[in-house]
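# After the sequence you'll find the predicted model.
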Amino acid sequence: MPKRVILIVMDSFGIGAEPDADKFGDLGTNTLKSCISSKYFKADNLKKLGFFNIDGVKDLKYTDEEENPIGAFARMQEASMGKDTTIGHWEIAGLISKDPLPVYPDGFPADVLDEFSKKTGRGVLCNKPYSGTTVINEYGDEHVKTGDLIVYTSADSVFQIAAHEDVVPLETLYEYCKIAREILKGKHGVGRVIARPFVGKGNGNYVRTSNRHDFSLVPPRDTMLDNIISAGKKVYAVGKIKDIFAGKGISEYVYTTGNEDGVNKTLEYLDTVKEGLIFTNLVDYDMLYGHRRDIDGYAKAVAYFDERLPEIMDKMTDEDILIITADHGCDPGYTKTTDHTREYVPCIMYGTDVESVNYGTRKTFADMGATVLDYLGVPSTIQGKSLL
């Protein structure tokens, strides 16, 4: 019988600081704990699957453990040297990054920006680590007046280009990102170049739109996705998965406008796809609430997904496995920075033939990729050990 795996990444839903969090400036962080502090937090369906039986999670005393969980569960530790989207997803797919991607706490060097300006014909504003919602309001008026591009970074390995949609058309902004992606290779090979379009009338009233687009590094080695393709099966990417892997190992993809659209698109694939991997990223936790340190917003987003979860489970066949996880943390209660946080992530696995097992704490996210390949019967060339 054809088999499917539905792999859903709750982007940034960390469950507690990892042992080396102090090296990343993230000691004591816990995205889940911050969400639990909100009156809007609700996770009844995740509880049934065993979420509150996970190592560390049960210590939060939010609720009793599930006596008879219907899923298997584990706490996953990141083996890669990073805490960003690219490295997290790559590791889930079986690629462990021992060397961190370059970051630019003092901004990008002159030679990079000079080449970028020469090839785009536009000047550059800012060139500092900045909050994405703040930078457009502090530099937006000057950008609209001059046409210069707002270039900024964060604690992560990113080169972000913000531009007003009326000043720089979307397709032009995407072309500028492709130019930057070509420049940023080798020692300056940042994880992602990100288009950050915005709109608004000025005077501090600019807002970002949903037309963000990521241009990632091509994974340096084959991942779980490539193994699936090589075995003659297909990978269906929902949300920014296609961008994270630079299209490598993707059979078909759809972009989404947020979590609601991501769940809807996943359900549509469950209606039409009969075999292979459906790989979904739900981005709102990170993009709208984590970085903005919005505890209530993050808690509401978790509650929304929890409410929609039975719809996904109801569309599963006896040959399906659902895996729910995350790629890093972004603790909305941590105010020292607005960046990602170095945290464990959950792994929840559900299916007709999945036994309720506590797999404890695993040493790498890559065990999830190995599990996907094992279940689909695909030969593995990746790192990680199957949970099955």
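That came through fine.

# In terms of helices and strands, where is Val9?
According to DSSP states H and E, Val9 maps onto strand 4-10.

# Quick one: residues in contact with that strand.
Under the criterion Cβ atoms under 8 Å, 6 or more residues apart in numbering, residues 89, 92, 266, 270, 273-282, 285, 302, 305, 312, 316-317, 319-327, 368, 372, 375-376 lie in contact with strand 4-10. C-beta here means a position set from N, CA and C on the backbone, and glycine is covered the same way.

# Just the ones of these in strands?
276-282, 320-325 (DSSP state E).

# who's in contact with the residue lying closest to Leu46 once chain neighbours are set aside?
Nearest residue to Leu46 in three dimensions, chain neighbours excluded: Asp306, at 5.5 Å (Cβ to Cβ, 6 or more residues apart in numbering). Shown in contact with Asp306 (Cβ under 8 Å, 6+ apart): Lys42, Ala43, Asp44, Asn45, Leu46.

# how many other residues sit next to the last one?
Just to be clear, that refers to Leu46. Leu46: 23 surrounding residues under other Cβ atoms under 10 Å.

# Quickly note the distance from it to Gly249.
28 Å (Cβ to Cβ, to the nearest Å).

# Next: the first one.
For Lys42, the distance to Gly249 (Cβ to Cβ) stands at 35 Å.

# More neighbours: which of the two?
Using other Cβ under 10 Å as the criterion, Lys42 and Gly249 rank with Gly249 on top: 23 against 17.

# So that one, which state does it fall into?
Here Gly249 is recorded as coil under DSSP: H, G, I helix; E, B strand; the rest coil.

# these two touch, right, it and Arg221?
No: at 11.1 Å, Gly249 does not count as touching Arg221 under the criterion of Cβ atoms under 8 Å.

# before we move on, the earlier item: partners of the strand holding Val9, with directions?
Using DSSP bridges, strand 4-10 pairs in its sheet with strand 276-282 (parallel), strand 320-325 (parallel).

# How about Tyr152, nearest residue that isn't a chain neighbour?
Per Cβ to Cβ, 6+ apart, closest to Tyr152 is Tyr130, 4.3 Å.

# Can you verify Lys145 is assigned to a helix?
Yes: under three-state DSSP, Lys145 sits within a helix.

# Per-residue pLDDT of it, please?
Per-residue confidence (pLDDT) for Lys145: 96.

# next structured bit after the strand or helix carrying Asp114?
Counting by DSSP H and E, the element that carries Asp114 is helix 110-120. Downstream of helix 110-120, the first helix or strand assigned by DSSP H and E is strand 124-129.

# same for that following strand, what does it pack against?
Here strand 124-129 touches helix 110-120, helix 132-146, strand 149-153, going by 3 or more Cβ pairs under 8 Å, 6 or more residues apart in numbering; DSSP states H and E.

# strands paired with it, and their directions?
strand 149-153 (parallel).

# Return the strand it pairs with as CSV; C-alpha atoms alone will do.
Extracted C-alpha coordinates of strand 149-153, given in CSV (Å, rounded to 0.1, in the frame of the first residue of the first chain):
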residue,chain,number,x,y,z
LEU,A,149,17.3,49.9,-0.3
ILE,A,150,17.0,49.1,3.4
VAL,A,151,19.5,46.4,4.1
TYR,A,152,19.7,44.9,7.5
THR,A,153,20.5,41.6,9.4
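
# related to what we said a few turns ago, packing partners of the helix holding Asp114?
strand 124-129, strand 149-153, helix 170-183.

# again, only this time at 10 Å
Identification of packing neighbours for helix 110-120 by 3 or more Cβ pairs under 10 Å, 6 or more residues apart in numbering; DSSP states H and E yields strand 124-129, strand 149-153, strand 158-164, helix 170-183.

# got a markdown table for those, with distance to Asp55 too?
Below are these laid out as a markdown table (distance: least, Cβ to Cβ, whole Å):
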| stretch | distance to Asp55 |
| --- | --- |
| strand 124-129 | 33 |
| strand 149-153 | 34 |
| strand 158-164 | 31 |
| helix 170-183 | 39 |
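
# Make CSV out of those and add mean pLDDT and mean neighbour count.
Putting the helices and strands packed on helix 110-120 into CSV (pLDDT from 0 to 100; neighbours: other Cβ atoms under 10 Å) gives the following:
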stretch, mean pLDDT, mean neighbour count
strand 124-129, 97, 19
strand 149-153, 98, 25
strand 158-164, 97, 24
helix 170-183, 97, 17
